[in-house]
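Student: Model the following, please.
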Amino acid sequence: AGDDKKDVVAPSRLNSTATPLFTLAAAEAVYEALKPQAEYFASLGLPEPLVHWGHPGNMAVVLLAMGGYGAGYLGWQIRTTSDSAVLAKAKDMHPKLSAGMFFFFALGAVGGCLSLIMQGKPIFESAHVTTGLAGLGLLSVQAVLPALFGSNASL
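Tutor: Residues are numbered from 1 along each chain as shown. Down below sits the predicted model:
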């Protein structure tokens with residue numbers, strides 16, 4: 001009777017009501033799609049601290065460099081500067097760095113899933129899934145806003 005337990009699979013836990021449908025529909029498919037890549041990277045013998053802290057480290061760089069400078073500082077320059085050269089540079093770089101931030105955060109989501117698989121942890125069971133998806137959703141809304149305000153130059 002004790003041998004029957006080895007075939008039992010633990011059910012997935014959901015920590016948020018915001019992601020259960022996505023989680024149930026996508027978790028297994030995402031896991032199966034990323035498993036071969038995770039196995040490849042695991043076979044390289046990367047140091048455990050790199051596997052564990054690589055994703056948060058990379059995302060911190062994206063947040064501070066592209067988000068802090070590109071979205072925050074340059075966005076503030078657009079609103080407050082009276083220098084036409086500074087304004088032109090900020091208006092050119094702000095949307096590019098904001099789009100780059102979204103792109104690298106989306107890639108970071110894949111990297112985070114790979115890291116979890118390599119560590120033998122389940123994906124889509126942490127609160128970070130909710131915050132990460134919410135962050136990407138908010139960045140998507142932010143990307144649409146200029147099109148809505150395009151006809152009103154005073155905004």
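
Student: Helices of this structure, start to end?
Tutor: Ranges of helices in the chain, per DSSP state H, are 20-43, 48-61, 74-80, 84-118, 127-149.

Student: shaky segments in the chain?
Tutor: Along the chain, the parts satisfying pLDDT under 70 run over 1-25, 150-155.

Student: please redo it, this time with the cut-off set to 50
Tutor: Applying pLDDT under 50 to the chain flags the ranges 1-11.

Student: so Gly112 makes contact with Thr131?
Tutor: No. With contact defined as C-beta atoms under 8 Å, Gly112 and Thr131 do not form a contacting pair (11.4 Å). For every residue, glycine as well, the C-beta is placed using N, CA and C.

Student: more neighbours, the two?
Tutor: Gly112 (21 against 12; other C-beta atoms under 10 Å).

Student: coming back round to it: mind putting the helices of the chain in TSV, distance to Gly68 included?
Tutor: As requested, those are exported to TSV (distance: least, C-beta to C-beta, whole Å):
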stretch	distance to Gly68
helix 20-43	29
helix 48-61	10
helix 74-80	10
helix 84-118	10
helix 127-149	14
